[in-house]
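Visitor: sequence-free structure coming up:
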């Protein structure tokens, strides 16, 4: 339990990397809400620890990002961009809120015409902001369901079966539990073995052997536990690499913004998922 508590602290210190939003999360003034959240958090901690132990020590543990097959309990989408198509499978059972939010936005055409506004080679590409500068975007529940989005965004969904390996699709945020509409795809292709070894030696993380192997193909392990991973690119990483390689602005006011507009023209839902 101490190990997981440390992960939560670590996540809280590293959440600003993928959003320039000025939103801030405020504490609830309701003692009833606070008690409910505390009870829920304790249950979530216990479930995470149970799942983590299984992922670490059970040789039969499976990690859906490592397969290009789309399972019965997964969804599939194709992002049509001005640079080409990116095919992604989604994990609704491991990150139900993030997947439902993304699929609903996609069906309603929310992302159509939006740009990849933040691009950093050997890191990630980020999009999904109607403002086009990292300060905008809302979840499908904002102003409609305060139990899922109180106004600051919906909660992080962290799973020991999902990691920030190359091709991971994750929610961008401006702090814990501030997920709206922005997302990013991890692009880095450099071997992360040394970083994994360092994190484990410092006692910050423990990684399943299959995930250690996956990180040899790239990724960004320092993002783990800080962002909701809810999908994986299964085709079109060459397009992701192409987007990541475009020339970007060096101005402080628009740093890392591509000089040419790279748009999401539309999103096709190849395989949907029915939420209960």
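Guide: Sure thing, it's come through. This is a predicted model, so every value here is computed, not measured. Numbering: from 1, shown residues only.

Visitor: after the strand or helix carrying residue 194, next one along is what?
Guide: Using DSSP states H and E, residue 194 maps to helix 193-201. Following helix 193-201 in sequence order, the next helix or strand is helix 209-214 (DSSP H and E).

Visitor: Pull the residues that contact that next one.
Guide: Residues outside helix 209-214 that contact it (C-beta atoms under 8 Å, 6 or more residues apart in numbering) are 61, 63, 65-66, 163, 165, 193, 196. Backbone N, C-alpha and C define where each C-beta goes, glycine included.

Visitor: Relative to the whole chain's centre, how far out is it?
Guide: Centroid separation between helix 209-214 and its chain, computed with C-alpha atoms, centre = their mean, to the nearest Å, is 19 Å.

Visitor: Quick check: can you name the pairing partners of the helix or strand just after that helix and their directions?
Guide: Using DSSP H and E, the next helix or strand after helix 209-214 towards the C-terminus is strand 229-235. Here strand 229-235 is paired, per DSSP bridges, with strand 84-90 (antiparallel), strand 168-171 (antiparallel).

Visitor: distance between strand 229-235 and the chain's centre?
Guide: 10 Å.

Visitor: rewinding a little: and the contacts of helix 209-214, which is closest to residue 244?
Guide: Distance to residue 244 across the contacts of helix 209-214 (C-beta to C-beta) is lowest for residue 165, with 15.5 Å.

Visitor: partners of that closest one in the sheet?
Guide: Beta-bridge partners recorded for residue 165 (DSSP bridges): residue 219.

Visitor: Identify the residues contacting it.
Guide: Neighbours of residue 165 in contact, by C-beta under 8 Å, 6+ apart: 65, 186, 211, 214-215, 217-219, 232.

Visitor: Distance-wise, check the residue nearest to residue 208 when sequence neighbours are not counted relative to residue 48.
Guide: Among residues not flanking residue 208 along the chain, residue 55 sits closest, at 5.1 Å (C-beta to C-beta, 6 or more residues apart in numbering). Distance, residue 55 to residue 48, by C-beta to C-beta, to the nearest Å: 10 Å.

Visitor: so where do the helices sit in this protein?
Guide: Secondary structure of the chain, counting by DSSP state H: helices at 2-13, 31-57, 96-107, 193-201, 209-214, 237-244.

Visitor: Below-threshold pLDDT in the chain: ranges please.
Guide: Residues of the chain that meet the criterion pLDDT under 70 lie in 1-42.

Visitor: Grab the most central residue of it for me.
Guide: Centroid-nearest residue in the chain: residue 170, 1.5 Å away (criterion: C-alpha atoms, centre = their mean).

Visitor: do you know how far that residue is from residue 194?
Guide: Counting by C-beta to C-beta, the gap from residue 170 to residue 194 is 22 Å.

Visitor: Same check on residue 221?
Guide: Applying C-beta to C-beta to residue 221 and residue 194 gives a distance of 10 Å.

Visitor: what do you get for residue 64?
Guide: According to C-beta to C-beta, residue 64 stands 26 Å off from residue 194.

Visitor: Same question for residue 247.
Guide: 29 Å.

Visitor: do residue 151 as well
Guide: Counting by C-beta to C-beta - residue 151 and residue 194 are separated by 41 Å.

Visitor: Of these two, give the one with the bigger neighbour count.
Guide: Comparing residue 151 with residue 194 by other C-beta atoms under 10 Å, the one with more neighbours is residue 151, at 13 against 9.

Visitor: for the more buried one, what are its contacts?
Guide: 142-143.

Visitor: Over to it: give its phi and psi.
Guide: Backbone torsions for residue 151, taken as degrees, to the nearest 10, come to phi 130, psi -20.

Visitor: please begin residue numbering at 887 from this point
Guide: Done: numbering now begins at 887, and the last item shifts to residue 1037.

Visitor: What distance do you get for it to residue 1023?
Guide: Following C-beta to C-beta, the distance that separates residue 1037 from residue 1023 is 13 Å.

Visitor: Please apply the same query to residue 1085.
Guide: From residue 1085 over to residue 1023 the distance is 30 Å, taken as C-beta to C-beta.
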